[in-house]
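**Student:** Using only what follows, build the 3D model:
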Amino acid sequence: TLKSFWAILSLSPAVLMPAVAFGAVANLITGGAISVPGYIVGCGISGMLYSLLAGQPMTFVGPTGLTLAFMVALHQFCGAFALPFIGMYSWVGVWTSAFLFLLAAGGAPALIRHCTQFTDDVFNSLLAVNFMYEAGRTLASSVTGPSTNLPMATLSINLALLTYVLVRGASSKVPKSPFGTPKLRKVVRDFGPPLCILFVSILCSLPSVSQFGVATMASSIPTAVEGIGWGFFAQRFADMAMVPLWAKMACVVPAAFLTGLFFLDQNISSRIVNSARHGMKKGPAYNMDCAALSAITMVLSLTGLPWMCGTTVQSLNHVSALTDYAEKGEKVHEDHDAPSAANGGVAKEKNPKEGSLPSSRSRNGRAVKSIVETRVTGFVIHAGVLMTIFALPVLRMIPVPVAAGIFFVLGRTVMSGNDFLYRIKELAMDKKFLDEDSFIQRVGRSVVFRYTAIQVLCLMGLWAMKSFNSTALFFPSVIGLLVMIRKALLPRLFSKEDLRVLDRAAS
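**Tutor:** This is a model prediction of the structure:
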């Protein structure tokens, strides 16, 4: 359909740019062991496979900041114990793939129902903070060094901020603007972000700007990729054979933690896509999604390509691009009794004692008229990403501050719709300026403060575990503790009514 065609054109750059940005960071930290071409190929192959194998192809898999943090921790561990990184990387991935398959076969994804808004908000806040951190680190790498001067550093920071303002404005502000026609606003939303990135890149290439020596991706991206033949695969298996037997067995431990990270990241992303507000007609298939991720992880691990898992931002952009929204004042029929992704494919019976069922409304409050559910767009988009491996000379021209700006945009996007961050804002506001349905007006400031403080402590614990080299490999285990805290601790500290208001997904 025409909508699918437009989605492919608009989303291809949005999927490619995070892979390039993450690849540049990984190349710097791992000394070239994981590079930009690897991220491009890995993102392309995994996305194509997932669109064919997964039960919910509307979800996208791609690079994430937490997966990168785990890879960096593994690289540091291998350096400390003089172990071959690529070989260890492959063995950890093989074990992780096996664990994911066992979880899928045993129906473990059904446990994701225990993840409520409490878990989602802390997890997404961790993603947002990590994106912001990577943005700062990427920007710092381009403005520090012996050849850096004040004009260059100032210009780099301004270019990163310009990228953020333009991309964020095109993707978020313009669609809500009263100016222009609905079609014009949609075109700006879909094609504005890649055009903004192109604009800033061209701006940096002008002689009056390039004279300041703003860093580009040239140091992270080669001009061409060596041919992949039997020798490449033979080298990968040779790397795995170099790992001592005890280390092969020991890889079970980090693989267990990585499995937990993938399990939560993938299923939380899929659950958000399957939300009732998106109006999906096909039911969820979490077991198939987990099995597909298992197969993808095996392929990526054996070839030494970076791991991929569910990405919330790209997945929601995919859903939004294939959705028709009702204009203001237009009535939409919402059939909640029909089998759908929201109720697991089973017709829902109405219960007069229950509140109203979730309506088919997007995160921005617009009613959903219809949505195109297809595997074609995901496959073609990631095939296009894979083909950009032949355009490395063009990607080398992208300024590093642009990559930093993209990380800022991703971080800000993940913050949207996060009740945890909204409650922090409420706590700083005067009560008389709050809406009647605000958290503080409904349960009181002290209750909101205690609930939010617990989430802040959880977020700080996750970040601390991720940041220290000695504990970075184990931080995914703390993510799993969020579920236990919600199920075991919070009911002792808050009433059922308070939790019904504060933890909306559980009500």
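
**Student:** what comes up buried for the helix or strand hosting Met484?
**Tutor:** Using DSSP states H and E, Met484 falls within helix 475-484. Of the residues in helix 475-484, those scored as buried under the neighbour-count criterion (16 or more other Cβ atoms under 10 Å) are Phe475, Pro476, Val478, Ile479, Leu482, Val483. Where C-beta positions appear, they are placed from N, C-alpha and C, glycine not excepted.

**Student:** Which one of the residues you listed is nearest to Gly417?
**Tutor:** Distance to Gly417, by Cβ to Cβ, is smallest for Leu482 among those, at 18.1 Å.

**Student:** Please list all residues in contact with the closest one.
**Tutor:** With contact set as Cβ atoms under 8 Å, 6 or more residues apart in numbering, Leu482 has these partners: Cys115, Phe118, Thr119, Val122, Phe123, Cys458.

**Student:** what does Ser220 give?
**Tutor:** With contacts taken as Cβ under 8 Å, 6+ apart, Ser220 has the following neighbours: Gly23, Ala24, Asn27, Leu28, Ser35, Val36.

**Student:** What ranges does the stretch 201-350 of the chain have for its strands?
**Tutor:** Using DSSP state E, counting those that start in this stretch, the strands found in the stretch 201-350 of the chain span residues 309-310, 323-325.

**Student:** Return the subset of the contacts of Ser220 lying in helices.
**Tutor:** Judged by DSSP state H, helices contain the following of the contacts of Ser220: Gly23, Ala24, Asn27, Leu28, Val36.

**Student:** For Ile371, give me phi and psi.
**Tutor:** Ile371 has phi and psi values of phi -140, psi 140 when expressed as degrees, to the nearest 10.

**Student:** Ser438 is in contact with Glu426, isn't it?
**Tutor:** Yes: because the distance of 5.8 Å satisfies Cβ atoms under 8 Å, Ser438 is recorded as touching Glu426.

**Student:** Identify the residue nearest Asp419 in space, chain neighbours excluded?
**Tutor:** Taking Cβ to Cβ, 6 or more residues apart in numbering, and ignoring the residues beside it in sequence, Asp419 has Asp121 as its nearest neighbour in space, at 5.5 Å.

**Student:** What of Ser141?
**Tutor:** Closest residue to Ser141 in three dimensions, ignoring its sequence neighbours and counting by Cβ to Cβ, 6+ apart: Leu28, at 6.1 Å.

**Student:** rewinding a little: could you dump the buried residues of helix 475-484 to a markdown table with pLDDT and distance to Ile268?
**Tutor:** Supplementary listing: these in a markdown table, determined by pLDDT from 0 to 100; distance: Cβ to Cβ, whole Å:
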| residue | pLDDT | distance to Ile268 |
| --- | --- | --- |
| Phe475 | 78 | 16 |
| Pro476 | 79 | 13 |
| Val478 | 78 | 15 |
| Ile479 | 78 | 10 |
| Leu482 | 87 | 11 |
| Val483 | 86 | 11 |
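
**Student:** Deepest in the core, which of the strands of the stretch 201-350 of the chain is it.
**Tutor:** Highest mean neighbour count among these (mean count of other Cβ atoms under 10 Å): strand 309-310, with a mean of 26.

**Student:** just how off-centre is that strand within its chain?
**Tutor:** The gap between where strand 309-310 is centred and where its chain is centred comes out at 7 Å by Cα atoms, centre = their mean, to the nearest Å.

**Student:** again, but for stretch 181-195
**Tutor:** Mean C-alpha position of stretch 181-195 versus that of the full chain (Cα atoms, centre = their mean) differs by 22 Å.

**Student:** so where's this structure uncertain?
**Tutor:** 1, 145-147, 226-232, 326-366, 505-507 (pLDDT under 70).

**Student:** let's see 50
**Tutor:** 335-363, 507 (pLDDT under 50).

**Student:** can you list the domain ranges for it.
**Tutor:** Residue ranges for the domains of the chain, per automatic domain parsing: 2-217+230-417, 418-507.

**Student:** Can you tell me which of those domains is packed in deepest?
**Tutor:** A comparison of these by mean neighbour count, using mean count of other Cβ under 10 Å, puts domain 2-217+230-417 on top with a mean of 19.

**Student:** among the strands of the stretch 201-350 of the chain, which is nearest Phe263?
**Tutor:** Nearest to Phe263, of all the strands of the stretch 201-350 of the chain, is strand 309-310, at 9.1 Å by Cβ to Cβ.

**Student:** picking up where we left off before, in helices, which of the contacts of Leu482 fall?
**Tutor:** When these are checked against helices (DSSP H), the matches are Phe118, Thr119, Val122, Phe123, Cys458.

**Student:** Going by distance to Gly405, which of those residues wins?
**Tutor:** Using Cβ to Cβ, those come closest to Gly405 at Phe123, 24.0 Å.

**Student:** how close does Phe408 get to Leu66?
**Tutor:** Note on Phe408: its distance to Leu66, by Cβ to Cβ, to the nearest Å, is 18 Å.

**Student:** before we move on, back to that, CA-only coordinates of the helix holding Met484 in CSV, if you can.
**Tutor:** Output of helix 475-484 as CSV, limited to C-alpha atoms (Å, rounded to 0.1, in the frame of the first residue of the first chain):
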residue,chain,number,x,y,z
PHE,A,475,23.5,-5.2,36.2
PRO,A,476,20.7,-7.0,34.1
SER,A,477,20.0,-9.1,37.3
VAL,A,478,19.0,-5.9,39.1
ILE,A,479,16.4,-5.2,36.3
GLY,A,480,14.7,-8.5,37.2
LEU,A,481,14.6,-7.4,40.9
LEU,A,482,12.2,-4.5,39.8
VAL,A,483,9.5,-7.1,39.3
MET,A,484,10.1,-8.6,42.8
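
**Student:** I am finished for the moment; much appreciated.
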